[in-house]
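Q: quick one: sequence and predicted model below, then my questions.
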Amino acid sequence: MSRLERLVILLDTGSTQFIRNTAADQLSDLAKAHPEEILNLLSRVYPYLNSKKWETRTTAARALGGIVNHAELWDP
């Protein structure tokens, strides 16, 4: 299991909100370090926005916000 997979799983299964938030922040750091993988990160985190658990949804939103902050601005 890769680091990315473990971090994504922690968004849902982390034992405390602190652990889930740390996983979200680390996913954001991955997006900063590897901007070419932003779409892959978004596709992995997005399904957690539909979770039945409120904590999972808020953590997924935090992760998505962090990832998007590191994306290049789109200028058509």
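A: Looks like it arrived, so ask away. Numbers count the residues shown, from 1 in each chain.
Q: start to end distance for stretch 49-56?
A: Between the opening and closing residues of stretch 49-56 we find a distance of 7 Å, counting by Cα to Cα, to the nearest Å.
Q: quick check: buried residues in that stretch?
A: Along stretch 49-56, the positions that meet the burial threshold by neighbour count (16 or more other Cβ atoms under 10 Å) are T56. Placement of C-beta: from N, CA and C, glycine included.
Q: ok, L11 - how many residues close by?
A: Other residues within reach of L11 by the criterion other Cβ atoms under 10 Å amount to 26.
Q: any idea which helix or strand carries the residue nearest the centre of the chain?
A: Most central residue of the chain, judged by C-alpha distance to the mean C-alpha position with Cα atoms, centre = their mean, is A63 at 3.4 Å. Here A63 sits within helix 54-69, counting by DSSP states H and E.
Q: which helices and strands does that helix pack with?
A: In terms of contacts (3 or more Cβ pairs under 8 Å, 6 or more residues apart in numbering; DSSP states H and E), helix 54-69 is packed against helix 3-13, helix 17-33, helix 38-45.
Q: would a markdown table of the ones you listed with distance to W54 be doable?
A: As requested, the helices and strands packed on helix 54-69 are exported to a markdown table (distance: least, Cβ to Cβ, whole Å):
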| stretch | distance to W54 |
| --- | --- |
| helix 3-13 | 12 |
| helix 17-33 | 11 |
| helix 38-45 | 16 |
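Q: closest to P76 out of the ones you listed?
A: helix 38-45 (17.8 Å; Cβ to Cβ).
Q: who's in contact with the closest one?
A: With Cβ atoms under 8 Å, 6 or more residues apart in numbering as the contact definition, helix 38-45 has outside contacts at 4, 8, 11, 27, 30-31, 60, 63-64, 67-68, 70-71.
Q: please redo it, this time with the cut-off set to 6 Å
A: Residues lying outside helix 38-45 but in contact with it, judged by Cβ atoms under 6 Å, 6 or more residues apart in numbering, are V8, A31, A60, A63, L64, I67, A71.
Q: this completes my enquiry, with thanks.
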